[in-house]
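Novice: Provided below are the primary sequence and the corresponding predicted coordinates.
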Amino acid sequence: MHGRLKVKTTAEKQAEKNKEREKKKLVYQKCMRAIKDKFNSGDRSMELLGMITKVLENIPEFSTLWNWRRVILLAMISSSKEEIQKSEHENESETKSSFDKSEMLSSEKSFVAKCLEVNPKAYSLWSHRRWLVEQNATESVIQEELNLCNLFLKYDERNFHCWDYRRYIVRLGGITREAELETSTTLIERNFSNYSAWHYRTTLLDTNNVDTVRQELEWAQNAYFTDPSDQSVWLYYQWLLGRETKPDKLLTVLRDGDNSTIHVLLNNISYNPPSNLKVILHDGSESGVWKSHVTPSRLWYCDISTPPEHEVTVQLGSETVRCVSDIGVTLDCITPRVDYTAPRDIVQEQLGNIRDLYELEPENKWVISTYLDMMNTCSQSKSKEQITEMRNLTVKLCHVDPMRTGYYRDLWTKLLCETAVTAWWSNVSRDMMTSRDMVTSREPLNLSKKYLTRLDHADYMCALRELDISHNNITSLSGFTSLVSLTSLNLSHNKIPSLDGLESCKNLTVLDASFNCINNSCAVLACAKCRLQELTLEGNPLATSEVYPGCVVQCCSMLCKLDNREL
């Protein structure tokens with residue numbers, strides 16, 4: 001993880017571990033029965049505490065024994081209080097107890113510290129330490145615990161148990177952000193690869209302060225120019241640039257051809273529709289329940305029962321959209337691209353820095369991937385030259401990091417679909433300059449021969465009628481469920497084994513799925529819900545089977561033409 005290789009255990013080391021386990025097992029078997037019997041009988045003595053200590057010295061991660069230890073210590077504290085109260089009641093001049101709470105806390109802390117040296121990543125140890133601090137959280141105790149954290153972070157700077165405990169102590173002691181920022185700075189200067197320290201910094205900084213962001217970016221720049229292969233600083237760098245969070249907003253409202261369904265495209269993706277999203281019918285009543293074809297989603301639909309000539313109103317908070325018949329309404333410029341939150345002048349300056357670093361480190365995957373991401377985010381409309389350069393960068397990523405070739409191919413698919421959808425909506429918007437109302441767009445979208453592995457951002461294509469995605473490397477139609485307005489689809493020359501995913505494309509009339517991997521009749525059952533009139537399946541294994549074409553004709557009742565032949 002984070003660039004650290006796992007060292008394989010040798011046979012000799014494994015034998016030593018097994019021997020150590022056997023030793024612990026013997027200690028455990030000898031002591032546990034006696035401890036259990038004593039504890040269950042109500043024994044809360046120092047003798048039992050000592051027996052538990054012996055086991056924990058060998059097995060410090062034994063949670064149950066730490067819990068029992070706290071019960072015994074609390075019983076001793078309670079007994080000590082009663083003893084003192086009794087002495088005061090009898091008016092004794094000196095009220096002493098055989099049990100000293102402060103001495104107990106000090107002794108317990110020393111014992112826990114000793115156990116932490118054996119296993120610094122045991123949940124129960126840090127939990128017990130937290131309980132001890134809660135018994136007496138003075139300023140000196142807080143400082144003592146911070147020093148303990150510093151010590152164990154020297155041993156292992158990525159011990160998340162220790163980091164969690166430190167955050168708890170910081171909250172408990174009211175330590176300032178400035179002091180903790182100074183601590184994270186010290187840790188990072190000691191080691192630029194301290195991922196935990198970089199991450200801790202993200203919880204402390206105010207990124208709304210432009211000067212702070214600029215200063216941190218300069219510091220990160222020094223780090224990635226020093227060691228461009230260190231992923232820790234790159235993750236922090238991406239966090240500094242930030243990603244825009246958009247408020248809930250209606251982008252498109254569609255009323256389908258038979259007027260029985262309303263589809264809405266929202267700004268944000270979610271598992272549940274917004275609670276204030278409503279459909280109001282012509283008589284003022286609210287209709288139906290919002291559903292989605294996939295989850296999470298930004299495309300939601302609601303079934304309605306009202307004549308096409310009657311107006312239907314869609315509300316999202318204060319936004320109101322009225323539509324009649326199969327009209328679609330587009331309310332905003334639509335793009336799946338998400339901007340950086342950092343000011344544009346800073347982002348442009350950083351893009352120049354990354355471009356300079358790419359010239360120095362053309363084979364570094366972190367430099368290439370960051371450069372690619374910034375190129376995509378900084379320009380909404382891209383020229384052919386920019387798209388070609390982005391393609392070349394993804395090819396280079398596959399070359400320098402072959403283990404993640406599949407990921408980079410999917411990344412290219414995402415970037416290209418994002419660019420294509422943005423350009424498509426831009427063209428549609430130009431056709432709508434005189435009116436905000438539109439019938440689902442007849443502007444076709446051509447994604448053929450683009451090296452795509454899937455259809456990304458399909459929800460933004462909900463108003464699309466014609467799509468050509470032929471001659472690619474698509475293996476599944478799982479993303480096609482959002483193409484609710486589609487009437488013509490070209491899927492030829494891909495690697496698709498089944499047409500599952502087209503169930504919600506009820507308006508689909510023309511489908512070319514030739515030269516794919518469809519090999520049985522069950523693979524075309526999804527088309528039964530479509531209004532297919534023309535279907536092409538030649539070049540598939542199914543087209544050479546005995547059940548063809550009868551199985552297809554039986555499935556698609558409205559079919560008029562199959563493989564370019566009239567039926």
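Specialist: Nice, I can see it.

Novice: look up the closest residue to Glu418, ignoring the ones flanking it.
Specialist: In space, and not counting its chain neighbours, Glu418 is closest to Pro336: 4.9 Å by Cβ to Cβ, 6 or more residues apart in numbering. The C-beta positions use only the backbone N, C-alpha and C, and glycine is treated the same way.

Novice: so the one you found touches Val421, yeah?
Specialist: Yes: using Cβ atoms under 8 Å, Pro336 is in contact with Val421, at 6.0 Å.

Novice: which neighbours do those two share?
Specialist: Shared contacts of Pro336 and Val421, defined by Cβ atoms under 8 Å, 6 or more residues apart in numbering, comprise His457, Tyr460.

Novice: neighbour count: these two, which is higher?
Specialist: Per other Cβ atoms under 10 Å, whichever of Pro336 and Val421 has more neighbours is Val421, with 23 against 17.

Novice: isn't that one up against His457?
Specialist: Yes: under the criterion of Cβ under 8 Å, Val421 makes contact with His457 at 5.1 Å.

Novice: quick check: neighbours shared by these two?
Specialist: Counting by Cβ under 8 Å, 6+ apart, the shared contacts of Val421 and His457 are Pro336.

Novice: show me where pLDDT drops low in the stretch 251-400 of the chain?
Specialist: Low-confidence segments of the stretch 251-400 of the chain (pLDDT under 70): 257-259, 308, 324-333.

Novice: strands of that one, start to end?
Specialist: Along the stretch 251-400 of the chain, counting by DSSP state E, counting those that start in this stretch, strands occupy 261-270, 277-280, 297-303, 312-316, 319-323, 327-330.

Novice: and these: which comes nearest Ser107?
Specialist: strand 261-270 (52.8 Å; Cβ to Cβ).

Novice: please report phi then psi for the closest residue to Ser557 other than its chain neighbours.
Specialist: Leaving aside its sequence neighbours, Ser557 sits nearest to Ala528 (Cβ to Cβ, 6+ apart; 7.9 Å). With angles defined as degrees, to the nearest 10, Ala528 sits at phi -60, psi -30.

Novice: so Ala528 touches Met558, yeah?
Specialist: No: Ala528 lies out of contact with Met558 (Cβ under 8 Å); the separation is 10.1 Å.

Novice: looking at the two, which is more packed in?
Specialist: Comparing Ala528 with Met558 by neighbour count (other Cβ under 10 Å), the higher total belongs to Ala528, at 13 against 9.

Novice: and the more buried one, what does it touch?
Specialist: If you count contacts by Cβ under 8 Å, 6+ apart, Ala528 has them with Cys555, Cys556, Ser557.

Novice: give me the neighbour count for the second one.
Specialist: When neighbours are defined as other Cβ under 10 Å, Cys556 has 23 of them.

Novice: now do it against Asn376, distance only.
Specialist: Distance, Cys556 to Asn376, by Cβ to Cβ, to the nearest Å: 40 Å.

Novice: which stretches of the stretch 151-300 of the chain form helices?
Specialist: 160-173, 177-190, 195-202, 210-226, 231-241 (DSSP state H, counting those that start in this stretch).

Novice: need the ones you listed in CSV with mean neighbour count, can you?
Specialist: Converted to CSV, the helices of the stretch 151-300 of the chain look like this (neighbours: other Cβ atoms under 10 Å):
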stretch, mean neighbour count
helix 160-173, 17
helix 177-190, 15
helix 195-202, 20
helix 210-226, 16
helix 231-241, 20
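
Novice: among these, which comes closest to Lys449?
Specialist: With Cβ to Cβ, the closest approach to Lys449 among the helices of the stretch 151-300 of the chain belongs to helix 231-241: 31.7 Å.

Novice: determine how far the closest one lies from the middle of the whole chain.
Specialist: The chain centroid and the centroid of helix 231-241 are separated by 16 Å under Cα atoms, centre = their mean, to the nearest Å.

Novice: pLDDT (mean, whole number) over that helix?
Specialist: Regarding helix 231-241, the rounded mean pLDDT is 94.
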